[in-house]
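> Got a predicted model here, sequence first, then my questions.
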Amino acid sequence: LFVGFLCGAIWAGIAGFLKAYFNVNEILSTIMLNYIAAYGMNYLLSGPIMDPLQIKLGSFIPQTARLTQAVDLPRLIPTRLHFGTIVAVVFAILVYIFLWRTTIGFRIRMIGQNIQASRASGINVQKYMVLAFILSGALVGLGGAIEVLGVHHRIFTDGSVSGFTGSAGFSGIVAALFGQLHPIGTIPASLLLGALLTGANKMQRVVQVPSALIGALNGLIVLFVVGSEYLRRHQTRRVERTMKIE
């Protein structure tokens, strides 16, 4: 878990450094870094760290050997639910405390809301911007490690950039929006989306309902959340204009 935490922090720190000191768009830089990481892992999984059994059988599936059971995350109950769920909830609470109850967290939120005002107030924008990227990357790396140690117990891919995580990135965005961009709100949102994704696979097997329906539902959630936020801001501006006229 610590290795995933550390590697995620370093990798995201690169994007943070480029954004803070060279104003490189973070969307472009992180997409490029994703490609670098994905194709680097594709090379490793196709050779240096490939499962020796795959080589022996001649199937050459790009995956590592099954990790030792000593590093498996313990199960909470006799299902696939594992200790990583508790880790995720604990870190969501810690992120809330950090962002809303500490000076550093307040400055990071202030920069996110108004970077010009933050710079004018004397905040070292570059430093806190890089820190925000590092911390977010660390959490992503931790999530990836939990996925490997708690679910798959090996690293594998289908050769594509999304082959390592599937739609985890998009699902994370949906959970964040559904949780109103609040760490505590993402807890029930993530549990709901996880239940939907798991139920979709079983629903497809049992009643032949396409699992893609859940993907469409996720898209609708994004549309409704973004639409409601737009309407809220539009209503706020109307009220402000009315107050100025009066």
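Yes, it's here.
> What is the neighbour count of A200?
18 (other Cβ atoms under 10 Å). In short, each C-beta sits where N, CA and C put it, glycine included.
> how close does it sit to I146?
Distance of A200 to I146, given as Cβ to Cβ, to the nearest Å: 21 Å.
> tell me what the helix or strand that I55 is a member of is packed against?
Assigned by DSSP states H and E, I55 belongs to helix 52-57. Counting contacts by 3 or more Cβ pairs under 8 Å, 6 or more residues apart in numbering; DSSP states H and E, helix 52-57 packs against no other helix or strand.
> What mean pLDDT does stretch 138-152 get?
In this model, stretch 138-152 has an average pLDDT of 93.
> pLDDT score for the closest residue to M203 other than its chain neighbours?
The spatially closest residue to M203, leaving aside those adjacent along the chain, is V209, at 4.8 Å (Cβ to Cβ, 6 or more residues apart in numbering). On the pLDDT scale, V209 is placed at 77.
> Could you tell me how far V209 is located from Y39?
35 Å.
> hang on, V24 in a helix?
No: secondary structure of V24 (DSSP: H, G, I helix; E, B strand; the rest coil): coil, not part of a helix.
> Just list the residues touching it, thanks.
15, 18 (Cβ atoms under 8 Å, 6 or more residues apart in numbering).
> any idea how this structure splits into domains?
With domains defined by automatic domain parsing, the chain comprises 2-166, 189-246.
> Buried residues of the helix or strand hosting L217, list them for me.
Assessed by DSSP H and E, L217 sits inside helix 212-245. Buried residues in helix 212-245, counted by 16 or more other Cβ atoms under 10 Å: 214-215, 218, 221, 225.
> How about stretch 28-36?
Those would be 29-30, 33-34, for stretch 28-36 by 16+ other Cβ under 10 Å.
> Using PDB, list the CA coordinates for that stretch.
Coordinates of each C-alpha in stretch 28-36 appear next as PDB, following Å, rounded to 0.1, in the frame of the first residue of the first chain:
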ATOM      1  CA  LEU A  28      -3.100  17.300 -21.200                       C
ATOM      2  CA  SER A  29      -0.100  16.500 -18.900                       C
ATOM      3  CA  THR A  30      -1.900  13.800 -16.900                       C
ATOM      4  CA  ILE A  31      -3.200  12.200 -20.100                       C
ATOM      5  CA  MET A  32       0.300  12.100 -21.500                       C
ATOM      6  CA  LEU A  33       1.600  10.700 -18.200                       C
ATOM      7  CA  ASN A  34      -1.100   8.100 -18.300                       C
ATOM      8  CA  TYR A  35       0.100   7.000 -21.800                       C
ATOM      9  CA  ILE A  36       3.700   6.800 -20.600                       C
END
